[in-house]
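Undergrad: Need the 3D shape of this:
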Amino acid sequence: MIARLIDLIEARRVGPLDQHLALALGRLANERSEAVLVAVALASRQISDGHVCLDLPLLVEQPVHDDEGRELPSLQWPALTDWLEALSSSELVQTEAAPPAPDQTREARPLVLDRSRRLYLRRYFDLERRLATCLVGRSSAAPEPVDAGLLAGSIERSFGPAGALDAAVASQVEAVRAAIANRFAVISGGPGTGKTSTAIRILVAAIEQHRAIRRVDPRVALVAPTGKAAARLAQTIQREKTKLASTSAAVLGVIPDVASTIHRLLKPKGRSSTRFLHDARHQLDLDVVVVDEASMIDLALMTRLMEAIPESARVVLLGDKDQLVSVEAGAILGAICDAALEVSRSPGRPSAPAVVCLEHNFRYGAGSGIGALARAINQGDATGTLDVLESARFPEVRLLVPESDSATDRAIAELVVDGYRQYLLLTRPLDPDRADSQPAASMERLRAFERFRLLCAHRRGAHGVDRLNRLAERALESAGLLRLDGPFYPGRPVMITENNYDISLFNGDIGFVIHERSRAVCEFVEADGHRREISLFRLPPHETVYGMTVHKSQGSEFEEVVVVLPDAASPLLTRELLYTAVTRARRKVTLVGSPASVRQAVGRRIQRSSGLKDALLEL
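TA: Numbering: from 1, shown residues only. Presented below is the predicted three-dimensional model:
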């Protein structure tokens with residue numbers, strides 16, 4: 001094996017899968033260049049780390065480091081010129097920026113080096129170009145005719161008379177106009193800025209336009225990337241419907257009361273997560289599609305979704321461009337917003353996606369500590385962030401700095417006992433003669449559990465979810481709130497980690513182990529109060545969920561969050577992670593960690609290597 005590749009493997013900079021791919025491709029193409037094989041392994045590892053490609057000019061500017069961000073002075077990258085020359089002459093690499101024609105696909109080389117000297121695995125290069133083509137096609141498609149008078153009436157019924165509009169809703173009105181004037185629009189905003197309430201007003205206007213011009217009701221779909229996000233979207237849409245008293249019942253009736261996951265909408269073939277019944281050749285029969293939590297959608301899934309929606313349909317993406325990006329490869333929402341901003345600054349360019357950013361926050365007022373904290377984080381102001389955390393003006397946010405690891409554990413244990421006390425008091429069995437009270441008790445239990453959450457950056461390690469969930473269990477048992485008498489003790493909260501379509505449980509769904517009438521089941525409560533009991537033997541893969549990763553918390557809201565920050569050296573500690581964690585809370589935030597960790601997080605942005613923005617601008 002090649003020396004530099006061995007060193008990178010030992011430093012865990014690349015993994016076994018990356019190593020085997022590089023060596024296998026090297027054997028197939030008789031490739032002996034160390035530089036090429038190292039590049040193949042690194043390009044493969046980039047996908048695991050959420051990147052779409054390997055940005056070679058950016059990489060060589062940085063020192064070699066291991067998987068935890070520690071510098072490795074004994075290792076150096078090849079010189080960029082030599083590296084590019086080796087790749088350009090390799091049988092493994094195609095150097096054209098455009099994908100091959102369809103009839104050449106079988107002969108296509110497994111890697112692509114684009115004009116910006118980014119190295120892609122072929123699959124991800126093709127996905128990125130397909131998505132860019134699809135988005136540009138939607139953005140430049142001729143818009144449907146708009147009845148301006150009807151649109152003005154829709155806006156007045158939704159927001160009030162034009163002359164009396166509050167400045168706080170100005171960007172929402174702009175979003176409605178943009179979404180009706182274009183077949184593709186993006187509405188970005190933080191929690192509490194009214195994305196979903198804007199979306200239902202977009203739907204009302206779109207339905208009224210469709211009925212007036214086409215004389216039929218449009219076919220509408222509401223989708224989100226996870227089951228939990230879909231449930232929250234449906235719940236919010238149902239609530240917002242009740243506020244639109246001036247809108248006709250016939251129009252509101254066209255808006256679905258349920259939302260679907262993207263996978264369920266596309267209909268997987270068998271148990272596949274990558275092959276669907278609906279695709280570019282077998283498109284969905286829809287006229288309007290609203291996609292929530294778009295920042296969580298990876299490149300592959302977004303490409304398949306956009307290809308499956310007819311170009312004639314109106315598509316609205318909702319999301320927060322400042323939030324954490326998808327766990328899988330890609331940072332789609334940010335790339336679309338960045339491309340639109342650049343186009344808007346360059347007169348004469350072709351049309352860009354319609355992007356509207358909602359600025360006014362209805363949840364966090366001017367005096368809100370959480371709002372002030374989120375703003376300081378987003379602005380990259382580390383000193384301002386610490387000032388907010390230390391200010392007596394904002395008692396609802398604080399930084400807890402324990403003196404030792406054991407002190408950290410004790411502090412977390414106390415917060416967990418306080419946070420989950422009410423929930424666990426509600427897990428005691430009901431009187432069997434009062435079974436009619438079970439639905440109300442289930443909803444009360446769910447609300448109590450959703451009041452508090454422990455959030456972590458890591459899954460493993462001293463500050464990881466796995467260890468802190470065990471710490472939480474021991475603390476709750478010591479407080480007399482539960483008995484750890486087996487893996488399925490009464491009150492154990494579990495989160496599903498793998499979709500199971502047979503029993504309609506999906507990644508992110510949360511249930512509770514309850515013991516009633518001499519039996520134990522896992523209880524799942526829908527947003528509408530519907531309760532299901534699932535046998536413990538039928539549960540899909542799952543985990544305990546007193547604590548969860550910040551990534552898993554996206555799309556959720558809690559009254560109070562405790563965020564456990566890792567050491568400042570952690571590569572996961574970023575501005576987006578801290579902002580996402582803080583904005584999960586409605587009432588109270590406690591950060592557990594050091595000022596150095598806070599400064600590191602605020603000062604470091606996620607930089608995902610991708611060519612989507614450039615592809616959008618080029619097309």
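
Undergrad: ok, now which ones touch residue 364?
TA: Applying Cβ atoms under 8 Å, 6 or more residues apart in numbering, we find residue 364 in contact with 192, 370-371, 374. (Glycine included, C-beta is placed from N, CA and C.)

Undergrad: Among those, name the buried ones.
TA: With burial judged by 16 or more other Cβ atoms under 10 Å, the buried subset of the contacts of residue 364 is 192, 370-371, 374.

Undergrad: related to what we said a few turns ago, just the contacts of residue 364: which are in helices?
TA: Judged by DSSP state H, the contacts of residue 364 include 370-371, 374 as members of helices.

Undergrad: that older thread, will you turn the buried ones among the contacts of residue 364 into CSV that also has pLDDT?
TA: Converted to CSV, the buried ones among the contacts of residue 364 look like this (pLDDT from 0 to 100):
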residue, pLDDT
192, 81
370, 91
371, 88
374, 90
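
Undergrad: closest to residue 13 among the residues you listed?
TA: Nearest to residue 13 among these, counting by Cβ to Cβ, is residue 374 at 33.8 Å.

Undergrad: measure that closest one to residue 475 for me?
TA: In this view, residue 374 and residue 475 are 29 Å apart by Cβ to Cβ, to the nearest Å.

Undergrad: Out of the ones in helices among the contacts of residue 364, which is nearest to residue 266?
TA: Using Cβ to Cβ, these come closest to residue 266 at residue 374, 33.7 Å.

Undergrad: Run a quick neighbour tally on the residue nearest to residue 282 when sequence neighbours are not counted.
TA: Leaving aside its sequence neighbours, residue 282 sits nearest to residue 308 (Cβ to Cβ, 6 or more residues apart in numbering; 7.8 Å). Neighbourhood size, residue 308 [other Cβ atoms under 10 Å]: 23.

Undergrad: Dihedrals phi and psi, residue 542?
TA: Note on residue 542: its backbone torsions stand at phi -150, psi 170 [degrees, to the nearest 10].

Undergrad: and it, what are its bridge partners?
TA: On the basis of DSSP bridges, residue 542 is bridged to residue 496.

Undergrad: Now for the nearest residue to residue 240 once chain neighbours are set aside: which residues touch it?
TA: Distances taken as Cβ to Cβ, 6+ apart place residue 200 nearest to residue 240, at 4.5 Å, with adjacent residues excluded. For residue 200, the contact set (Cβ under 8 Å, 6+ apart) comprises 237, 240-241, 244, 255.

Undergrad: 7 Å instead?
TA: 237, 240-241, 255 (Cβ atoms under 7 Å, 6 or more residues apart in numbering).

Undergrad: so which pair among those is furthest apart in space?
TA: 240 and 255 (9.3 Å).

Undergrad: can you count the residues close to the closest residue in space to residue 110 that isn't next to it in sequence?
TA: Excluding its sequence neighbours, the residue lying closest to residue 110 (Cβ to Cβ, 6+ apart) is residue 122, at 5.2 Å. Neighbour count for residue 122, taken as other Cβ under 10 Å: 18.

Undergrad: any idea how far the residue nearest to residue 297 when sequence neighbours are not counted lies from residue 470?
TA: Spatial nearest neighbour of residue 297, excluding adjacent residues (Cβ to Cβ, 6+ apart): residue 225 at 5.1 Å. In this view, residue 225 and residue 470 are 29 Å apart by Cβ to Cβ.

Undergrad: quick one, phi/psi of residue 189?
TA: The phi/psi pair for residue 189 (degrees, to the nearest 10) is phi 180, psi 160.

Undergrad: number of nearby residues for the closest residue to it other than its chain neighbours?
TA: Leaving out its chain neighbours, the residue that sits closest to residue 189 by Cβ to Cβ, 6+ apart is residue 358, at 3.2 Å. Residues lying near residue 358 (other Cβ under 10 Å) number 25.

Undergrad: gap between residue 358 and residue 188?
TA: The value you get for residue 358 to residue 188, if Cβ to Cβ is used, is 7 Å.

Undergrad: thinking again about what came up before, surely the residue nearest to residue 189 and residue 194 touch.
TA: Yes - between residue 358 and residue 194 there is a contact under Cβ atoms under 7 Å: 6.0 Å.

Undergrad: Spit out the residues that contact the two alike.
TA: residue 172.

Undergrad: Let me know the helix or strand that residue 221 is in.
TA: Assigned by DSSP states H and E, residue 221 belongs to strand 220-224.

Undergrad: strands paired with that strand, and their directions?
TA: When DSSP bridges is applied, strand 220-224 pairs with strand 260-261 (parallel), strand 288-291 (parallel).

Undergrad: Please identify the most buried of those.
TA: Highest mean neighbour count among these (mean count of other Cβ atoms under 10 Å): strand 288-291, with a mean of 24.

Undergrad: Residue 485 versus residue 201, what's the distance?
TA: Taking Cβ to Cβ as the measure, residue 201 falls 51 Å from residue 485.

Undergrad: quick one, strands of the stretch 101-250 of the chain?
TA: Per DSSP state E, counting those that start in this stretch, the stretch 101-250 of the chain carries strands over the ranges 111-113, 118-121, 184-189, 220-224.

Undergrad: Just tell me which of the ones you listed ends up closest to residue 498.
TA: strand 220-224 (17.5 Å).

Undergrad: Near the nearest residue to residue 192 once chain neighbours are set aside, how many other residues are there?
TA: Leaving aside its chain neighbours, residue 192 sits nearest to residue 363 (2.7 Å; criterion: Cβ to Cβ, 6+ apart). By other Cβ under 10 Å, 15 other residues sit near residue 363.

Undergrad: Is residue 363 in a helix, a strand, or coil?
TA: Assigned with DSSP: H, G, I helix; E, B strand; the rest coil, residue 363 falls in the coil class.

Undergrad: Need the phi and psi values for it.
TA: phi -90, psi -50.

Undergrad: still on that earlier bit, between the buried ones among the contacts of residue 364, which is nearest residue 583?
TA: Out of these, the member with the shortest distance to residue 583 (by Cβ to Cβ) is residue 374, at 5.3 Å.

Undergrad: The closest one touches residue 582, doesn't it?
TA: Yes - contact criterion Cβ under 7 Å: residue 374 and residue 582 qualify, at 5.5 Å.

Undergrad: returning to that earlier point: pull the number of nearby residues for the residue nearest to residue 297.
TA: 27.

Undergrad: and residue 561, what helix or strand is that in?
TA: Residue 561 belongs to strand 558-564 when elements are defined using DSSP H and E.

Undergrad: buried set for that strand?
TA: For strand 558-564, by 16+ other Cβ under 10 Å, it's 558, 560-564.

Undergrad: Stretch 25-40 too?
TA: For stretch 25-40, burial by neighbour count (16+ other Cβ under 10 Å) applies to 25-26, 31, 33, 35-40.
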